[in-house]
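> return a 3D structure for these sequence lines:
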Amino acid sequence: MRLSSGLAKTDKAIMVLCASGAAFMGYLVYLHFKTSPGTICDFGAGFSCEIVNKSVYSELFGIPLSIMGLTYFLGVGYLALTKHLPHTYRTILALTAFSLVFSLHLTYVEFFVLGSVCVFCEASKLVMFAILGLSAPQLKYGKVSTHLHWVAGAVIAGLLFTGAASYLQTAL
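Okay, the predicted model is just below:
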């Protein structure tokens, strides 16, 4: 069975992006649990995946955020492949908006709290922006206001999640 033969170009592009994002996150999961020092993305104190990925901000309830990122990319890739939901692109858009809000907070933490940038973390955000850019124009059907409500809801949920996660990461 050839699933990809019936896929639109947008779906294929989203799947390729998800594969690259999953590769970034998969490496960061490995790095999170790795006990020996040294990685392919350590370029000194200012650019170190290891510093970022081993900080207090790299986990939530003991779960590495890279696993959450991996789950996002695998989930969005699955949605693009199967289109099991009636509003697949709206769902992808909402998931991406939610994830980007939290991810952009983590960029702030990298730059202004930790003083070190994770190259793969930032690359994954670029991938998410590309997914956002590909999924948004696909919202052809239905009322635009309905789509905007979904995105606004996802952004608000992302802000609430970010606030709660930030509190828990520093308070516990």
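
> which secondary element of the protein has the worst mean pLDDT?
helix 144-171 (a mean of 84; mean pLDDT, DSSP states H and E).

> off-centre distance for that one?
Put simply, helix 144-171 sits 14 Å off its chain's centre (C-alpha atoms, centre = their mean, to the nearest Å).

> and the nearest residue to Ala19 once chain neighbours are set aside, how many neighbours does it have?
The shortest distance from Ala19 to any non-neighbouring residue, by C-beta to C-beta, 6 or more residues apart in numbering, is to Gly77 (6.7 Å). (Glycine included, C-beta is placed from N, CA and C.) The criterion is other C-beta atoms under 10 Å. On that basis, Gly77 has 21 neighbouring residues.

> ok now do Gly77, which residues does it touch?
14-15, 18-19, 22 (C-beta atoms under 8 Å, 6 or more residues apart in numbering).

> give me phi/psi at the residue lying closest to Val119 once chain neighbours are set aside?
Using C-beta to C-beta, 6+ apart and skipping residues adjacent in sequence, the residue nearest Val119 is Cys41, 4.7 Å away. Main-chain dihedrals, Cys41, degrees, to the nearest 10: phi -120, psi 30.
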